[in-house]
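[1] sequence and computational prediction follow.
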Amino acid sequence: MQQLIESFKGKKVLIVGDVMVDAYIIGKVERISPEAPVPVVNIEKKENRLGGAANVALNVAALDAIPILCSVIGDDSEGEELMNILKAQNLSTEGIFKSAKRKTTTKTRVLGNKHQLLRIDNEITTDLNGDDEKAILTLYKKVLNECDVVILEDYNKGVLTAVNIPLFIELANAAGKPITVDPKHNNFLAYKNVTLFKPNLKEIKEGLNSEKNLKDHANLKEAVQDLHAVLNNTYTMVTLSEDGVLITDHNAYNFIPAHIRNIADVSGAGDSVISVASLCIACGADIAICAQLANLAGGLVCEENGVVPINVNKLIIEANALQKTI
(Lines give C-alpha, C1' and ligand atoms only; values in the text may rest on other atoms or scores of the structure.)
Protein backbone atom coordinates (compact mmCIF):
# COMPACT_ATOMS: atom_id res chain seq x y z
CA MET A 1 0.00 0.00 0.00
CA GLN A 2 2.93 2.34 0.58
CA GLN A 3 3.69 2.25 -3.14
CA LEU A 4 0.08 3.21 -3.87
CA ILE A 5 0.21 6.16 -1.44
CA GLU A 6 3.50 7.32 -2.97
CA SER A 7 1.86 7.19 -6.42
CA PHE A 8 -0.55 9.94 -5.29
CA LYS A 9 2.29 12.44 -5.69
CA GLY A 10 1.65 14.92 -8.48
CA LYS A 11 -1.87 13.72 -9.28
CA LYS A 12 -4.20 16.66 -10.01
CA VAL A 13 -7.58 16.63 -8.28
CA LEU A 14 -10.39 18.96 -9.33
CA ILE A 15 -12.64 19.61 -6.32
CA VAL A 16 -16.01 21.21 -7.07
CA GLY A 17 -18.31 22.31 -4.28
CA ASP A 18 -19.01 24.53 -1.32
CA VAL A 19 -15.94 26.17 0.24
CA MET A 20 -16.17 28.03 3.53
CA VAL A 21 -14.27 29.72 6.31
CA ASP A 22 -14.27 27.98 9.69
CA ALA A 23 -13.68 30.82 12.16
CA TYR A 24 -12.87 30.29 15.83
CA ILE A 25 -13.09 32.74 18.73
CA ILE A 26 -11.27 31.13 21.64
CA GLY A 27 -11.15 32.35 25.22
CA LYS A 28 -11.83 31.81 28.91
CA VAL A 29 -15.09 32.00 30.80
CA GLU A 30 -14.83 33.21 34.38
CA ARG A 31 -18.22 34.83 34.97
CA ILE A 32 -21.82 35.09 33.84
CA SER A 33 -23.03 38.30 32.22
CA PRO A 34 -25.12 40.62 34.44
CA GLU A 35 -27.15 41.51 31.32
CA ALA A 36 -28.42 37.98 30.59
CA PRO A 37 -27.78 34.43 31.88
CA VAL A 38 -24.96 33.82 29.39
CA PRO A 39 -21.22 33.24 29.84
CA VAL A 40 -18.80 36.08 29.20
CA VAL A 41 -15.90 34.93 26.99
CA ASN A 42 -12.64 36.81 27.41
CA ILE A 43 -11.04 36.39 23.98
CA GLU A 44 -7.51 34.96 23.91
CA LYS A 45 -7.16 34.29 20.19
CA LYS A 46 -8.99 34.09 16.88
CA GLU A 47 -8.36 31.62 14.08
CA ASN A 48 -9.66 31.30 10.53
CA ARG A 49 -9.35 27.92 8.82
CA LEU A 50 -10.42 26.38 5.53
CA GLY A 51 -13.68 24.43 5.66
CA GLY A 52 -16.01 22.47 3.42
CA ALA A 53 -14.57 21.52 0.05
CA ALA A 54 -11.47 23.57 0.93
CA ASN A 55 -10.68 21.06 3.69
CA VAL A 56 -10.79 18.33 1.05
CA ALA A 57 -8.18 20.37 -0.84
CA LEU A 58 -6.01 20.43 2.30
CA ASN A 59 -6.26 16.63 2.55
CA VAL A 60 -5.35 16.19 -1.12
CA ALA A 61 -2.34 18.48 -0.68
CA ALA A 62 -1.30 16.60 2.48
CA LEU A 63 -1.19 13.43 0.35
CA ASP A 64 1.35 15.12 -2.01
CA ALA A 65 -1.25 15.53 -4.76
CA ILE A 66 -2.31 18.82 -6.35
CA PRO A 67 -5.82 20.12 -5.55
CA ILE A 68 -7.64 22.61 -7.76
CA LEU A 69 -10.76 24.08 -6.15
CA CYS A 70 -13.71 25.16 -8.28
CA SER A 71 -16.32 27.15 -6.36
CA VAL A 72 -18.28 30.38 -5.98
CA ILE A 73 -17.75 32.68 -3.00
CA GLY A 74 -18.94 36.15 -2.08
CA ASP A 75 -17.22 39.35 -3.10
CA ASP A 76 -16.80 40.24 0.56
CA SER A 77 -14.23 40.47 3.34
CA GLU A 78 -14.79 36.83 4.28
CA GLY A 79 -14.10 35.85 0.68
CA GLU A 80 -10.89 37.87 0.73
CA GLU A 81 -9.86 36.06 3.91
CA LEU A 82 -10.59 32.67 2.32
CA MET A 83 -8.47 33.59 -0.71
CA ASN A 84 -5.63 34.72 1.57
CA ILE A 85 -5.71 31.43 3.49
CA LEU A 86 -5.68 29.45 0.23
CA LYS A 87 -2.64 31.40 -0.94
CA ALA A 88 -0.91 30.96 2.43
CA GLN A 89 -1.45 27.19 2.08
CA ASN A 90 -0.08 27.30 -1.49
CA LEU A 91 -3.44 26.17 -2.87
CA SER A 92 -4.62 27.26 -6.31
CA THR A 93 -7.31 29.96 -6.54
CA GLU A 94 -7.72 29.77 -10.34
CA GLY A 95 -11.10 28.00 -10.07
CA ILE A 96 -12.66 30.38 -7.52
CA PHE A 97 -15.26 32.88 -8.74
CA LYS A 98 -16.31 35.88 -6.63
CA SER A 99 -19.98 36.75 -6.97
CA ALA A 100 -21.62 40.00 -5.85
CA LYS A 101 -24.83 37.99 -5.34
CA ARG A 102 -23.37 35.56 -2.79
CA LYS A 103 -21.92 35.50 0.71
CA THR A 104 -18.81 33.55 1.56
CA THR A 105 -20.08 30.86 3.90
CA THR A 106 -18.51 31.48 7.32
CA LYS A 107 -19.12 29.39 10.42
CA THR A 108 -17.92 31.13 13.56
CA ARG A 109 -17.53 28.98 16.66
CA VAL A 110 -17.15 30.58 20.08
CA LEU A 111 -15.14 28.40 22.46
CA GLY A 112 -14.84 29.04 26.17
CA ASN A 113 -12.68 26.87 28.43
CA LYS A 114 -12.21 24.42 25.51
CA HIS A 115 -15.98 23.94 25.07
CA GLN A 116 -18.03 25.21 22.16
CA LEU A 117 -20.59 27.68 23.47
CA LEU A 118 -22.08 29.06 20.28
CA ARG A 119 -21.92 28.79 16.50
CA ILE A 120 -22.85 31.68 14.21
CA ASP A 121 -23.46 30.94 10.51
CA ASN A 122 -23.22 33.69 7.91
CA GLU A 123 -24.23 32.28 4.53
CA ILE A 124 -26.57 32.10 1.56
CA THR A 125 -27.74 28.55 0.82
CA THR A 126 -29.96 29.18 -2.21
CA ASP A 127 -28.79 27.76 -5.54
CA LEU A 128 -26.49 29.78 -7.77
CA ASN A 129 -28.21 32.15 -10.18
CA GLY A 130 -27.83 31.78 -13.94
CA ASP A 131 -24.79 34.05 -14.28
CA ASP A 132 -22.94 32.33 -11.44
CA GLU A 133 -23.81 28.91 -12.93
CA LYS A 134 -22.21 29.98 -16.22
CA ALA A 135 -19.14 31.36 -14.44
CA ILE A 136 -18.37 28.19 -12.49
CA LEU A 137 -19.01 26.01 -15.54
CA THR A 138 -16.53 28.09 -17.55
CA LEU A 139 -13.89 27.70 -14.84
CA TYR A 140 -14.59 23.96 -14.61
CA LYS A 141 -14.10 23.47 -18.35
CA LYS A 142 -10.87 25.46 -18.20
CA VAL A 143 -9.18 23.15 -15.67
CA LEU A 144 -10.91 19.79 -16.27
CA ASN A 145 -8.56 18.37 -18.90
CA GLU A 146 -5.44 18.83 -16.77
CA CYS A 147 -6.89 16.86 -13.84
CA ASP A 148 -6.72 13.12 -13.06
CA VAL A 149 -9.95 12.86 -11.04
CA VAL A 150 -12.93 15.06 -10.14
CA ILE A 151 -14.52 15.26 -6.68
CA LEU A 152 -18.00 16.74 -6.27
CA GLU A 153 -18.12 17.88 -2.63
CA ASP A 154 -21.66 18.86 -1.64
CA TYR A 155 -22.48 20.70 1.60
CA ASN A 156 -25.94 21.95 0.51
CA LYS A 157 -24.72 25.56 0.31
CA GLY A 158 -25.91 26.12 -3.26
CA VAL A 159 -22.79 25.70 -5.40
CA LEU A 160 -23.78 22.23 -6.64
CA THR A 161 -27.27 22.35 -8.11
CA ALA A 162 -29.72 20.19 -10.03
CA VAL A 163 -28.76 22.24 -13.10
CA ASN A 164 -24.97 22.02 -12.99
CA ILE A 165 -24.42 18.57 -11.44
CA PRO A 166 -25.42 16.67 -14.64
CA LEU A 167 -23.23 19.03 -16.69
CA PHE A 168 -20.17 18.52 -14.49
CA ILE A 169 -20.65 14.74 -14.71
CA GLU A 170 -21.27 14.69 -18.46
CA LEU A 171 -18.15 16.75 -19.14
CA ALA A 172 -15.98 14.59 -16.86
CA ASN A 173 -17.24 11.39 -18.45
CA ALA A 174 -16.69 12.78 -21.96
CA ALA A 175 -13.12 13.69 -20.98
CA GLY A 176 -12.53 10.22 -19.53
CA LYS A 177 -12.03 11.55 -16.00
CA PRO A 178 -13.20 9.44 -13.03
CA ILE A 179 -15.63 11.36 -10.86
CA THR A 180 -16.36 10.79 -7.17
CA VAL A 181 -19.12 12.24 -5.02
CA ASP A 182 -19.50 13.13 -1.35
CA PRO A 183 -23.25 13.87 -1.32
CA LYS A 184 -25.75 15.67 0.87
CA HIS A 185 -29.51 15.38 1.06
CA ASN A 186 -30.78 18.09 -1.30
CA ASN A 187 -29.23 16.72 -4.50
CA PHE A 188 -28.76 13.14 -3.36
CA LEU A 189 -30.32 11.47 -6.41
CA ALA A 190 -28.91 13.92 -8.97
CA TYR A 191 -25.48 12.28 -9.19
CA LYS A 192 -26.13 9.84 -12.03
CA ASN A 193 -23.36 8.00 -13.93
CA VAL A 194 -20.47 8.77 -11.57
CA THR A 195 -17.53 6.50 -10.74
CA LEU A 196 -17.82 6.45 -6.95
CA PHE A 197 -20.74 7.56 -4.78
CA LYS A 198 -19.81 7.89 -1.08
CA PRO A 199 -22.69 8.54 1.33
CA ASN A 200 -22.62 7.82 5.03
CA LEU A 201 -25.29 5.70 6.69
CA LYS A 202 -27.45 8.69 7.66
CA GLU A 203 -27.26 10.18 4.17
CA ILE A 204 -28.28 7.00 2.37
CA LYS A 205 -31.15 6.47 4.80
CA GLU A 206 -32.45 10.03 4.33
CA GLY A 207 -31.70 10.13 0.61
CA LEU A 208 -33.80 7.04 -0.05
CA ASN A 209 -36.41 7.88 2.62
CA SER A 210 -35.78 4.43 4.04
CA GLU A 211 -37.41 3.38 7.31
CA LYS A 212 -35.43 0.16 7.52
CA ASN A 213 -32.58 -0.50 9.92
CA LEU A 214 -29.63 -0.03 7.58
CA LYS A 215 -27.15 -1.27 10.17
CA ASP A 216 -28.50 -4.67 9.17
CA HIS A 217 -26.26 -5.80 6.30
CA ALA A 218 -29.08 -7.33 4.26
CA ASN A 219 -31.11 -4.11 4.47
CA LEU A 220 -28.08 -2.01 3.57
CA LYS A 221 -27.30 -4.16 0.52
CA GLU A 222 -30.90 -3.75 -0.64
CA ALA A 223 -30.70 0.03 -0.15
CA VAL A 224 -27.46 0.21 -2.15
CA GLN A 225 -29.08 -1.82 -4.93
CA ASP A 226 -32.03 0.59 -4.99
CA LEU A 227 -29.62 3.52 -5.11
CA HIS A 228 -27.63 1.99 -7.95
CA ALA A 229 -30.82 1.43 -9.95
CA VAL A 230 -31.36 5.21 -9.88
CA LEU A 231 -27.78 6.49 -10.18
CA ASN A 232 -26.10 3.88 -12.40
CA ASN A 233 -22.83 4.58 -10.56
CA THR A 234 -19.85 2.25 -10.95
CA TYR A 235 -19.04 1.87 -7.24
CA THR A 236 -20.77 2.69 -3.96
CA MET A 237 -18.87 3.18 -0.72
CA VAL A 238 -20.94 3.69 2.42
CA THR A 239 -19.11 4.89 5.52
CA LEU A 240 -20.54 3.21 8.61
CA SER A 241 -18.82 5.14 11.42
CA GLU A 242 -17.64 2.70 14.11
CA ASP A 243 -18.68 -0.22 11.87
CA GLY A 244 -16.20 0.61 9.10
CA VAL A 245 -17.20 0.86 5.44
CA LEU A 246 -19.08 -1.04 2.75
CA ILE A 247 -17.57 -1.07 -0.75
CA THR A 248 -19.31 -2.64 -3.73
CA ASP A 249 -19.27 -2.82 -7.51
CA HIS A 250 -22.93 -3.92 -7.14
CA ASN A 251 -21.98 -7.54 -7.65
CA ALA A 252 -19.67 -8.29 -4.72
CA TYR A 253 -20.26 -6.58 -1.35
CA ASN A 254 -17.25 -6.12 0.92
CA PHE A 255 -17.75 -4.98 4.53
CA ILE A 256 -14.48 -3.66 5.97
CA PRO A 257 -14.44 -3.25 9.77
CA ALA A 258 -13.19 -0.13 11.52
CA HIS A 259 -9.90 -0.21 13.38
CA ILE A 260 -9.83 0.34 17.14
CA ARG A 261 -9.23 4.05 17.77
CA ASN A 262 -9.05 6.59 20.56
CA ILE A 263 -11.70 8.85 19.06
CA ALA A 264 -11.15 12.54 19.81
CA ASP A 265 -13.24 14.23 17.10
CA VAL A 266 -15.04 12.80 14.04
CA SER A 267 -15.17 16.20 12.29
CA GLY A 268 -13.58 16.14 8.86
CA ALA A 269 -13.21 12.35 8.67
CA GLY A 270 -15.39 12.19 5.56
CA ASP A 271 -13.14 14.73 3.82
CA SER A 272 -10.12 12.50 4.39
CA VAL A 273 -12.02 9.41 3.20
CA ILE A 274 -13.14 10.95 -0.10
CA SER A 275 -9.66 12.39 -0.72
CA VAL A 276 -7.89 9.05 -0.31
CA ALA A 277 -10.57 7.11 -2.19
CA SER A 278 -10.47 9.53 -5.12
CA LEU A 279 -6.68 9.39 -5.40
CA CYS A 280 -6.78 5.59 -5.27
CA ILE A 281 -9.24 5.60 -8.16
CA ALA A 282 -7.07 8.09 -10.08
CA CYS A 283 -4.18 5.63 -9.67
CA GLY A 284 -6.28 2.67 -10.87
CA ALA A 285 -6.17 0.84 -7.52
CA ASP A 286 -8.32 -2.17 -6.72
CA ILE A 287 -11.57 -0.95 -5.20
CA ALA A 288 -11.20 -3.09 -2.04
CA ILE A 289 -7.72 -1.63 -1.42
CA CYS A 290 -9.19 1.81 -2.06
CA ALA A 291 -11.79 1.28 0.67
CA GLN A 292 -9.28 -0.17 3.14
CA LEU A 293 -6.94 2.78 2.74
CA ALA A 294 -9.75 5.35 2.91
CA ASN A 295 -11.07 3.61 6.02
CA LEU A 296 -7.63 3.92 7.63
CA ALA A 297 -7.45 7.62 6.76
CA GLY A 298 -10.86 8.38 8.25
CA GLY A 299 -9.93 6.62 11.47
CA LEU A 300 -6.61 8.42 11.79
CA VAL A 301 -8.07 11.93 11.60
CA CYS A 302 -10.66 10.98 14.24
CA GLU A 303 -7.79 10.69 16.73
CA GLU A 304 -7.06 14.41 16.36
CA ASN A 305 -8.95 17.34 17.89
CA GLY A 306 -10.65 19.65 15.42
CA VAL A 307 -10.77 19.40 11.65
CA VAL A 308 -7.30 18.41 10.43
CA PRO A 309 -6.02 16.91 7.16
CA ILE A 310 -4.58 13.42 7.06
CA ASN A 311 -0.96 12.89 8.09
CA VAL A 312 0.54 10.97 5.16
CA ASN A 313 3.42 9.52 7.19
CA LYS A 314 1.01 8.07 9.77
CA LEU A 315 -1.12 6.71 6.94
CA ILE A 316 1.89 4.91 5.42
CA ILE A 317 2.82 3.36 8.79
CA GLU A 318 -0.74 2.13 9.36
CA ALA A 319 -1.06 0.88 5.79
CA ASN A 320 2.16 -1.11 6.08
CA ALA A 321 0.94 -2.64 9.36
CA LEU A 322 -2.41 -3.53 7.77
CA GLN A 323 -0.79 -5.09 4.73
CA LYS A 324 1.12 -7.53 6.95
CA THR A 325 -2.20 -8.85 8.31
CA ILE A 326 -3.94 -9.43 4.95
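    Thanks, I have it.
[2] C-alpha from now on. contacts and neighbour counts both.
    Will do.
[3] low-confidence ranges, the stretch 1-150 of the chain, go.
    Counting by pLDDT under 70, the stretch 1-150 of the chain contains no low-confidence segment.
[4] quick one, helices of it?
    Counting by DSSP state H, counting those that start in this stretch, one finds helices in the stretch 1-150 of the chain at the ranges 2-6, 53-62, 77-88, 130-144.
[5] looking at these, which is buried most?
    Mean neighbours per residue, mean count of other Cα atoms under 10 Å, is largest over the helices of the stretch 1-150 of the chain for helix 53-62, with a mean of 26.
[6] so that helix versus helix 77-88, what angle?
    If you take axes from the mean of the first three to the mean of the last three Cα atoms, to 10 degrees, helix 53-62 sits at 0 degrees to helix 77-88.
[7] how far out from the middle of the chain is helix 53-62?
    8 Å (Cα atoms, centre = their mean, to the nearest Å).
[8] for stretch 314-323, same thing?
    Relative to its parent chain, stretch 314-323 has a centroid offset of 22 Å by Cα atoms, centre = their mean.
[9] make 33 the first number, not 1, from now on.
    Okay, residue one is now 33; in that scheme the one you just asked about reads as stretch 346-355.
[10] which residues touch that stretch?
    Here stretch 346-355 makes contact (Cα atoms under 8 Å, 6 or more residues apart in numbering) with 33-34, 37, 325, 328-329, 332.
[11] same question, stretch 179-190
    Residues contacting stretch 179-190 (Cα under 8 Å, 6+ apart): 43-50, 84-85, 137, 155-160, 192, 204, 209-219, 306, 310-311, 313-314.
[12] same thing with stretch 265-273?
    Contacting residues not belonging to stretch 265-273 are listed as 224-233, 256, 260, 277-282, 290, 323 [Cα under 8 Å, 6+ apart].
[13] what subset of those is buried?
    For the contacts of stretch 265-273, a burial check counting by 16 or more other Cα atoms under 10 Å picks out 224-233, 256, 260, 277-282, 290, 323.
[14] filter these down to the ones in helices?
    233, 256, 260, 323 (DSSP state H).
[15] now the residues you listed as a markdown table including pLDDT and distance to residue 114?
    Shown next, in a markdown table, are those (pLDDT from 0 to 100; distance: Cα to Cα, whole Å):
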| residue | pLDDT | distance to residue 114 |
| --- | --- | --- |
| 233 | 92 | 31 |
| 256 | 97 | 37 |
| 260 | 97 | 37 |
| 323 | 92 | 31 |
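[16] count of residues packed around residue 154?
    Here the number of neighbours of residue 154 (other Cα atoms under 10 Å) works out to 14.
[17] these two touch, right, it and residue 111?
    No. Contact criterion Cα atoms under 8 Å: residue 154 and residue 111 do not qualify, at 11.8 Å.
[18] can you list residues touching both of those two?
    With Cα under 8 Å, 6+ apart, residue 154 and residue 111 have common neighbours 135-136.
[19] now the phi/psi pair for residue 41, please.
    According to degrees, to the nearest 10, the main-chain angles of residue 41 amount to phi -60, psi 130.
[20] can you pull out the strands in this protein?
    44-49, 51-64, 71-84, 98-106, 128-131, 138-144, 147-154, 181-185, 211-214, 228-229, 267-271, 277-280, 285-288 (DSSP state E).
[21] helices or strands up against the third one?
    In this case it means strand 71-84. For strand 71-84, the contact count by 3 or more Cα pairs under 8 Å, 6 or more residues apart in numbering; DSSP states H and E identifies strand 51-64, helix 109-120 as packing neighbours.
[22] all set now, cheers.
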